[in-house]
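In: pasting the structure only:
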């Protein structure tokens, strides 16, 4: 049995669904950030799979994946800095407790 495009896309869809469920269901902001990272990794798997099976000679999918990983690293750094600042100010990382815009 060989691993085909369908297998990679199924793995990508499952990872994306897990990340989406976690991002919508969790209340901890760090867990939400990690679920968003899982969703970005699912997109990376799909991008590489399509690139491998549609145009195996070109590296366009891999280039996009490197760009997505760089954006994800920047997003994680900025997001974690915001979470730490909110924790220092409010004393919690619960997303339902953060109401900075209601003043």
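Out: Nice, thanks for sending it over. Predicted model only: the values in this text are computed from it and were never measured. Numbering: from 1, shown residues only.
In: Show me the residue at the heart of this protein, geometrically.
Out: When CA atoms, centre = their mean is applied to the chain, the residue found nearest the centroid is residue 37 (2.5 Å).
In: For the chain, give me the ranges with low pLDDT.
Out: 100-103 (pLDDT under 70).
In: Please compute how far the host helix or strand of residue 37 lies from its chain's middle.
Out: Residue 37 is part of helix 29-54, with elements assigned from DSSP states H and E. Chain-centre distance of helix 29-54: 6 Å, with CA atoms, centre = their mean, to the nearest Å.
In: That one - contacts with which helices or strands?
Out: Packing contacts for helix 29-54, counted by 3 or more CB pairs under 8 Å, 6 or more residues apart in numbering; DSSP states H and E, involve helix 5-25, helix 60-90. The way it works is simple: take the backbone N, C-alpha and C, and place the C-beta from them, glycine included.
In: Buried residues, that helix. List them.
Out: For helix 29-54, burial by neighbour count (16 or more other CB atoms under 10 Å) applies to 29, 32-51.
In: Then stretch 11-30?
Out: For stretch 11-30, burial by neighbour count (16+ other CB under 10 Å) applies to 12, 15, 16, 19, 22, 23, 26, 29.
In: next one: stretch 3-11
Out: Across stretch 3-11, burial judged by 16+ other CB under 10 Å covers 8, 9.
In: quick one: contacts of that stretch?
Out: 42, 45, 46, 48, 49, 50, 53 (CB atoms under 8 Å, 6 or more residues apart in numbering).
In: Just send those back as CSV, with distance to residue 84 too.
Out: As requested, those are exported to CSV (distance: CB to CB, whole Å):
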residue, distance to residue 84
42, 26
45, 30
46, 32
48, 32
49, 35
50, 37
53, 41
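In: Show me which pair in those residues is furthest apart.
Out: 42 and 53 (16.9 Å; CB to CB).
In: For residue 32, which residues are in contact?
Out: Going by CB under 8 Å, 6+ apart, the list of residues near residue 32 reads 22, 23, 26, 95.
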